[in-house]
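>>> Below is the sequence, then the predicted model.
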Amino acid sequence: MTRSIKVAIANDTIIALEALRRAIATNPVYELIWTAKSGKEAVALCQRFPPDLVLMDLLMPGIDGVEATRQIMARSPCAILIVTASLTQNTSKVFEAMGHGALDVVSTPIFGPQASDTVTLSVAAPLLEKMATVSTFAGKSTQRRTVHQFAHPASHCKLALPPLAVIGASTGGPKALAKVLGHLPGNFSAGIVVVQHIDKQFADGFASWLDGQTDLTVDVAKSGDRIQPGKVLIAATDEHLVMTCDRTLAYKTVDAPTPYRPAIDIFFGSVAQYWPCAGQAVLMTGMGRDGAAGMEILQAAGWHTIAESEESCIVYGMPRAAIERGAAREILPVGAIASALLKSPHISSIY
């Protein structure tokens, strides 16, 4: 028998609250255990009656969704999905909440007063898809994941290519990435590619927000892009970002047993296969195990690999998985990662 997923709602708007109740009721796997009309109430209820998943509004009286997320993740961690009607007006708050541990964000479904069951399912589909994905992220599977598509280590470097650093992050990643990139100078000699688990509709805003946190240039990655010193490229679609045989980036649909889109494992594995020079790989805060297998392949190809330490992780999932596999040569708190990149023998720089 399938175990039900305990869901909680934090939202002070009656119409939104009823819409979320209605959406949840379309799938019997979800069990609504409580509702809260303020961030303060949600924090207290999470401690008393822990849910598997919280549907958290951004804007509420008193403690807003950002602060409520921070307190919940500090006191009684669980999966949090931001559900709000004000996405475009509050992009910075979205990234703040994700920096504190929210897994993803989606618009509040809006139903007409006489909406049929078919209309209800159609309107609720984006929310239900996010809930299913977030529930998968929050799963406690201990299965070791392998990367079959890209399993060949890089050859010895014989080409004049810029140094490369690759970074994977998930839950809590926006804040951690801003801290790392914010401590790198604009003339950093390496190119950087980031795979952060984030919805494609926020990729442009995320890149723009990160660009304001660092002296480096940050942009979304486009098919055909090449690695450039001092430039950060962010994975930006629900397809997998990969390195190709001509050493450019591309988006591809890869048949892989992973709920992550884009997947860090897929990108790291493709880099191991097609980038001929060893570089730096970093795996940061995140729920689940994505990136651990890919980092193991990069390490075997001669890359220097860094996992964020437990002390600074919002969720110590992905880095721990890499450490358990023996895939991390170095384990560092987030505040020390930029210095390690600057000092890396794999990054020929002036520092």
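Arrived safely, thanks for sending. Numbers count the residues shown, from 1 in each chain.
>>> list the buried ones in stretch 272-288?
Residues of stretch 272-288 classed as buried by neighbour count (16 or more other C-beta atoms under 10 Å): 272-275, 277-288. Heads up, the C-betas are built off the backbone N, CA and C, glycines and all.
>>> Check the model's average confidence along it for me.
What stretch 272-288 shows for mean pLDDT is 93.
>>> Please renumber the chain so that the first residue is 487 from this point on.
Will do, 487 is the new start, and the previous item becomes stretch 758-774.
>>> could you dump it to PDB, C-alpha only?
The C-alpha trace of stretch 758-774 is given here as PDB (Å, rounded to 0.1, in the frame of the first residue of the first chain):
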ATOM      1  CA  ALA A 758      34.200  14.000 -17.900                       C
ATOM      2  CA  GLN A 759      33.800  12.600 -21.400                       C
ATOM      3  CA  TYR A 760      34.300  15.600 -23.600                       C
ATOM      4  CA  TRP A 761      36.300  18.300 -21.800                       C
ATOM      5  CA  PRO A 762      39.900  17.200 -22.200                       C
ATOM      6  CA  CYS A 763      41.400  19.200 -19.400                       C
ATOM      7  CA  ALA A 764      41.000  18.400 -15.700                       C
ATOM      8  CA  GLY A 765      39.400  21.200 -13.700                       C
ATOM      9  CA  GLN A 766      37.500  21.900 -10.500                       C
ATOM     10  CA  ALA A 767      34.100  20.400  -9.600                       C
ATOM     11  CA  VAL A 768      32.000  21.500  -6.700                       C
ATOM     12  CA  LEU A 769      28.900  19.900  -5.200                       C
ATOM     13  CA  MET A 770      26.900  22.100  -2.800                       C
ATOM     14  CA  THR A 771      23.900  22.000  -0.600                       C
ATOM     15  CA  GLY A 772      20.900  20.000  -1.800                       C
ATOM     16  CA  MET A 773      18.400  17.300  -1.100                       C
ATOM     17  CA  GLY A 774      18.900  13.900  -2.700                       C
END
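>>> can you pull out the helices in this structure?
For the chain, applying DSSP state H gives helices covering 500-510, 525-534, 551-561, 577-585, 603-623, 659-668, 689-697, 750-760, 778-786, 804-810, 820-829.
>>> what stretches of the stretch 687-836 of the chain score poorly on pLDDT?
Filtered on pLDDT under 70, the stretch 687-836 of the chain yields the residue ranges 741-745, 834-836.
>>> could you redo the last one with a cut-off of 50?
By pLDDT under 50, the weakly predicted segments of the stretch 687-836 of the chain are 835-836.
>>> Any regions of the stretch 487-636 of the chain where pLDDT drops low?
Within the stretch 487-636 of the chain, the stretches falling below the threshold (pLDDT under 50) are 605, 626-636.
>>> One more pass at 70, please.
Looking at the stretch 487-636 of the chain by pLDDT under 70, you get 487-488, 572-574, 598-607, 622-636.
>>> ok, so of the buried residues of stretch 758-774, who is nearest residue 794?
Looking at the buried residues of stretch 758-774 and their distance to residue 794, the nearest is residue 770, at 4.5 Å (C-beta to C-beta).
>>> hang on, the earlier thing: okay, the helices of the chain, which one's buried deepest?
Counting by mean count of other C-beta atoms under 10 Å, helix 750-760 has the highest mean neighbour count of these, with a mean of 27.
>>> which helices and strands sit right next to it?
Here helix 750-760 is seen to pack against strand 650-655, strand 677-682, strand 726-729, strand 766-769, helix 778-786 when contacts are counted using 3 or more C-beta pairs under 8 Å, 6 or more residues apart in numbering; DSSP states H and E.
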